[in-house]
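Chemist: What follows is a predicted protein model with its sequence.
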Amino acid sequence: MDVQAFDFELPETLIAQTPLLNRTASRLLTLNKATGEIAHRTFENLIDYVEAGDLLVMNDTRVIPARLFGMKKDTGAKVELLLLKPLGEDRWEALVKPGKRMQLGAVAVFGTTQGDDDPLLTAEVVEVGEMGARILQFRYKGIFNEILDQLGEMPLPPYIKEQLSERERYQTVYAKHEGSAAAPTAGLHFTEDYLAKLQAKGVRLAFVTLHVGLGTFRPVSVDKIEDHQMHAEYYILSEETAALINETKSAGKRVIAVGTTSARTLETAAGLSREAQASTDGEPLHIQPSQGWTSIFIYPGYKFGVVDALLTNFHLPKSTLLMLISALAGKDHIMQAYEEAVKAEYRFFSFGDAMLIY
């Protein structure tokens, strides 16, 4: 399938640069995946589209202040790091800028001035990857997360030019497990009060963890989407969440993924469970808990095993996320909905408005 089929015109003025003061004040475009029917609502109206017994599944990853600005130890030249994935023993996968300054063996220092022999943090390039990726060995005294909190900045996507005045506004209210290089942005619309309101209606909540990494920042650079390789990200689907999913399905209710990261986690678990259940073909799929690395790439033609509905934000043209929602609702329905969203001047991307595919 041609990547160009997922392109559309997006005026730059529609890219939301700052979050709304009230998380639930965003607009909500709803799309019936079966009929293609579109409605223009507000996020507060989400409660009208859910029923008692439905299960909302949310990604409880927490964004770390993963962007670091420092200098090369030997020259004082400026360098920038974006931490993407912990590899253990103080080694991290990261993006570096400019890459030409950070080749194998190069050392960068942070929280110091040139010539200082005792920086707060030191990073050495121990492996060179593609497209600016590096494996870094960090050295420091104290606790790494505390140093990162002191020196790091929130890693806002490159299309956001405004400074974020409040760090917590780039975290969901239920963020718990640190490790992401970007927020699962569909969840940014919820407040604790609104979640309580949904629960009062009988909607149940469940959590998965997927630490958002390099795949979020990598464009699709091939002509055919089948040739694109997703970057692996770490996920956890617990016994408790697996049990809630199975109860929901058995009761004939819906599993509603909050965000594409939750959807990818659920479908990874569905694939593993389907393989484990191959000997009982024909029986309802029983989701099993799992954890590990996923590089699942969902695009039209994929058959969903768990996800019935999806709450998401509006995505970049030709992105893997646009392809994922096209797999759920059909490409024609999605492209028509996006045409409507542009015409109605919805706010796009991380701090933008929401879309419910049901």
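Modeler: Here it is on my side, so go on.
Chemist: ok, longest helix in the protein?
Modeler: helix 260-276 (DSSP state H).
Chemist: What number of residues are in the vicinity of the residue nearest to Tyr358 when sequence neighbours are not counted?
Modeler: The shortest distance from Tyr358 to any non-neighbouring residue, by C-beta to C-beta, 6 or more residues apart in numbering, is to Ala309 (4.2 Å). No exception for glycine: its C-beta is placed from N, CA and C like everyone else's. Residues contacting Ala309 under the criterion other C-beta atoms under 10 Å number 21.
Chemist: before we move on, the earlier item: got a list of contacts for the longest helix of the chain?
Modeler: 57-59, 61, 184, 186, 208-210, 212, 233, 235, 237, 242, 245, 255, 257, 285-290, 294, 296, 298, 302, 304-307, 310, 312, 315, 321, 324-325, 328 (C-beta atoms under 8 Å, 6 or more residues apart in numbering).
Chemist: Which of these fall within helices?
Modeler: Per DSSP H, these map to helices at 242, 245, 321, 324-325, 328.
Chemist: Bridged to the residue nearest to Tyr358, which residues?
Modeler: Residues in a beta bridge with Ala309, per DSSP bridges, are Ile256.
Chemist: end to end, how far does stretch 341-358 reach?
Modeler: This stretch, stretch 341-358, spans 17 Å end to end (C-alpha to C-alpha, to the nearest Å).
Chemist: now that stretch: mean pLDDT?
Modeler: Stretch 341-358 shows a mean pLDDT of 97 in the predicted model.
Chemist: Tell me which residues of it come out buried.
Modeler: 341-342, 346-358 (16 or more other C-beta atoms under 10 Å).
Chemist: next one: stretch 82-98
Modeler: For stretch 82-98, by 16+ other C-beta under 10 Å, it's 82-86, 91-96.
Chemist: now for those, which pair is the farthest apart?
Modeler: Pro86 and Val96 (16.3 Å; C-beta to C-beta).
Chemist: dump the residue contacts of Thr30.
Modeler: Contacts for Thr30 (C-beta under 8 Å, 6+ apart) come out as 38-39, 41, 49, 355-356, 358.
Chemist: now swap in Phe144 and tell me
Modeler: 90, 138.
Chemist: Just the pLDDT for it.
Modeler: 94.
Chemist: Next, work out how far apart it and Leu136 are.
Modeler: Using C-beta to C-beta, to the nearest Å, Phe144 is found at 12 Å from Leu136.
Chemist: again with Gly292
Modeler: According to C-beta to C-beta, Gly292 and Leu136 sit 23 Å apart.
Chemist: Leaving out chain neighbours, which residue sits closest to the residue nearest the centre of the chain?
Modeler: With distances taken as C-alpha atoms, centre = their mean, the chain has Pro184 as the residue nearest its mean C-alpha position (4.0 Å). Leaving aside its sequence neighbours, Pro184 sits nearest to Asn59 (C-beta to C-beta, 6+ apart; 4.1 Å).
Chemist: What's the local residue count around the one you found?
Modeler: 31.
Chemist: quick one: pLDDT of it?
Modeler: On the pLDDT scale, Asn59 gets 98.
Chemist: what sits against it?
Modeler: Contact analysis of Asn59 by C-beta under 8 Å, 6+ apart lists 172, 184, 187, 207-210, 258-259, 261-262, 265.
Chemist: ok, now how distant is it from Lys249?
Modeler: If you go by C-beta to C-beta, the gap between Asn59 and Lys249 works out to 20 Å.
Chemist: returning to what we had before: out of the contacts of Thr30, the closest to Thr75 would be?
Modeler: Met355 (47.3 Å).
Chemist: What residues are bridge-paired with the closest one?
Modeler: With DSSP bridges as the rule, Met355 is bridged to Leu29, Thr312.
Chemist: That one is in contact with Lys33, isn't it?
Modeler: No. Contact criterion C-beta atoms under 8 Å: Met355 and Lys33 do not qualify, at 11.3 Å.
Chemist: Tyr174 versus Lys85, what's the distance?
Modeler: Taken as C-beta to C-beta, the spacing of Lys85 relative to Tyr174 amounts to 22 Å.
Chemist: what do you get for Pro158?
Modeler: Taking C-beta to C-beta, one finds Pro158 at 26 Å from Tyr174.
Chemist: Among the two, which residue is more densely surrounded?
Modeler: Shown here are Pro158 and Tyr174; by other C-beta under 10 Å, Tyr174 has more neighbours (17 against 7).
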